[in-house]
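>>> Based on what follows, work out the 3D shape:
(one chain, ligands or ions: 1)
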Amino acid sequence: VDFDRAAGQVDAENFPRAAWARCAEQALREVLEEGGGYPPVGGDERLKRAVCLWLRRNRGFEADPELVSITSGVGAACATLARILRGKRRAADTAAVEDPGLPALRGILSAAGWRIRPVPVDREGVRAPRDPAALLLAAPSHQFPTGAILSAGRRAAILDWAAGCGAYVIEDDYDSDFRYEGAPIPPMASLDPDRVAYIGTFSKLLFPGIRLGFAVLPPPLHRDFLNAGRDAGIRPPAHSQRTLARFMEEGLMDKHIVAMRKAYRAKRGGLIAALREEFGESVPIGGAAAGLFLTAGLDPLRTRGGSWAARGVKARRAGDYALASVEDPDRFILGYGGLSKERIREGITRLRAALVSPAVEGSIRVFEEGAY
Ligand SMILES: Cc1ncc(COP(=O)(O)O)c(C=O)c1O
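Below is the predicted model of the structure:
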């Protein structure tokens, strides 16, 4: 049972295949009737409109349709933004990132020539950086791997910091789609659309293999983003974009989300119940208000983790994603998106067995930079 991979996976079993296939068939017909040419730079117009409506209804975000583009996901959008901003800021070369955070995204920034500066994340989310930087990459709606939701105070402090040093905030909205507690918070981009580059994805709403996402960017970045995409020949496939446009226009996305929220809520409930059963009622659980993973403080039952493979379970801790020293490094990150309720239950039993009686010495494999 791989709790680590499951954080990035969805419940593919329950994907509405027949409805999607129907949209795909119609989309392919339309795209070919239109000549089968290159899709527009920046994305299919119908999909962009559908995304704007979606953002308004689901995220309370009035995005300017002129500033929306369709991407191949958060990773791809981040890579393009990293390159553009690096070109603009020859002198300032520091990118602030959340610590702990996703090594893959740090890797994308390093590959574009940025010097990486870790900024600590605590229960309120990432702190406002103390020193100037050219950008901050953050996931305010459900930070990975802490699950923190950025507080209102921090949002304001970060925007003040960005205005003070002329930085852009790249808002990674990767894990915001499913929220189980509290009112949804609009993206930071709605507070300061000139300073925040908002990038979202369909990896969770649909499935990661779809490789589609969207960006809503400040005007100067939007222009450069379109040019960079055109120059690099990056355009998501026309028929995939149109299929998704139809899926959204017909209200199928809304239906899908309602069904999936229910499914994920049940899995999350099962995971919390299993943790309480195996580790006690007072086991500290965090980051569970949204997304497809939560965190659990399973100390003092520490292990070096070598027995895991033997126990048929795998999970990582916050410290595995850290650059500097972080709060609660031993907190476990437990993904549940891609696991059935039965596998979740089994996994927690295995996890407890592995923690209570570490059989083999060794350490959990450290995340390789650049891979997700
Ligand atoms: C925090 C975070 N942001 C972004 C991504 C990548 O998103 P996408 O699939 O849209 O490239 C991941 C993938 O694991 C992630 O964990």
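>>> Give me the buried positions along stretch 21-34.
For stretch 21-34, burial by neighbour count (16 or more other CB atoms under 10 Å) applies to 22-24, 27-28, 30-31. For the C-beta atoms, the positions are set from N, CA and C on the backbone; glycine is no exception.
>>> Now for the residues you listed: which two are most distant?
The span of those, defined through CB to CB, is set by R22 and V31 at 15.1 Å.
>>> on that earlier part again, take the buried residues of stretch 21-34 and write them to a markdown table, including distance to the ligand, pLDDT and secondary structure.
Shown next, in a markdown table, are the buried residues of stretch 21-34 (distance: CB to the nearest ligand atom, whole Å; pLDDT from 0 to 100; DSSP: H, G, I helix; E, B strand; the rest coil):
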| residue | distance to the ligand | pLDDT | secondary structure |
| --- | --- | --- | --- |
| R22 | 25 | 98 | helix |
| C23 | 21 | 98 | helix |
| A24 | 20 | 98 | helix |
| A27 | 21 | 98 | helix |
| L28 | 24 | 98 | helix |
| E30 | 25 | 98 | helix |
| V31 | 23 | 98 | helix |
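>>> Quick check: nearest residue in space to A163, chain neighbours excluded?
Spatial nearest neighbour of A163, chain neighbours left out: R195 (6.5 Å); criterion: CB to CB, 6 or more residues apart in numbering.
>>> residue contacts, the nearest residue to A322 once chain neighbours are set aside?
Distance criterion CB to CB, 6+ apart; nearest residue to A322, sequence neighbours excluded, is P100 at 4.4 Å. By CB atoms under 8 Å, 6 or more residues apart in numbering, P100 lies in contact with 121, 145-146, 318-323, 326.
>>> let's see 6 Å
Counting by CB atoms under 6 Å, 6 or more residues apart in numbering, P100 touches 145, 318, 321-322, 326.
>>> ok, and the helix or strand in this structure with the lowest average confidence?
None of the helices or strands of the chain scores lower by mean pLDDT, DSSP states H and E than helix 308-311, at a mean of 69.
>>> how close does R29 sit to P219?
As judged by CB to CB, to the nearest Å, R29 and P219 stand 36 Å apart.
>>> nope, A112 is what I was after
A112 sits 21 Å away from P219, going by CB to CB.
>>> same deal with E281?
E281 sits 52 Å away from P219, going by CB to CB.
>>> can you check L292 too?
According to CB to CB, L292 and P219 sit 33 Å apart.
>>> Looking at those two now, which is surrounded by more residues?
Counted by other CB atoms under 10 Å, L292 and P219 do not tie: L292 has more neighbours, with 24 against 12.
>>> Let me know whether that one touches G338 as I believe.
No. Assessed by CB atoms under 6 Å, L292 is found out of contact with G338, at 8.0 Å.
>>> Flag every buried residue along stretch 166-184.
Of the residues in stretch 166-184, 167-179 count as buried by neighbour count, 16+ other CB under 10 Å.
>>> same question, stretch 4-20
Within stretch 4-20, judged by 16+ other CB under 10 Å, the buried ones are 4, 6-11, 15-16, 19-20.
>>> And for L55, the neighbour number?
Per other CB under 10 Å, the neighbour tally for L55 reads 23.
>>> residues in contact with it?
Taking CB under 6 Å, 6+ apart as the test, what L55 contacts is 61, 63.
>>> let's have the chain start at 21 instead
Sure, I'll start numbering at 21, so the last one becomes L75.
>>> could you measure it against the ligand, distance?
Taking CB to the nearest ligand atom, to the nearest Å as the measure, L75 and the ligand are separated by 16 Å.
>>> can you list contacts of the one helix or strand A38 maps to?
Following DSSP states H and E, the helix or strand that holds A38 is helix 37-53. Contact with helix 37-53 is made by 258-259, 262-263, 266-267, 272, as judged by CB under 6 Å, 6+ apart.
>>> Among the contacts of P120, which are located in strands?
Counting by DSSP state E, none of the members of the contacts of P120 fall within strands.
>>> What is the nearest of these to the ligand?
P165 (8.3 Å; CB to the nearest ligand atom).
>>> Contacts only, for the residue in the stretch 221-370 of the chain that the ligand sits nearest to.
Of all residues in the stretch 221-370 of the chain, T221 sits closest to the ligand, at 3.1 Å by CB to the nearest ligand atom. Applying CB under 6 Å, 6+ apart, one finds that T221 lies in contact with 93-94, 194, 233.
>>> Just give me the closest of these to E362.
Among these, Y194 lies closest to E362 (CB to CB), at 27.1 Å.
>>> How about that closest one, nearest residue that isn't a chain neighbour?
Among residues not flanking Y194 along the chain, V94 sits closest, at 5.1 Å (CB to CB, 6+ apart).
>>> and what of A258?
Closest residue to A258 apart from its sequence neighbours, by CB to CB, 6+ apart: P59 at 4.0 Å.
>>> isn't the one you found right next to R255, touching?
Yes. Using CB under 6 Å, P59 is in contact with R255, at 5.1 Å.
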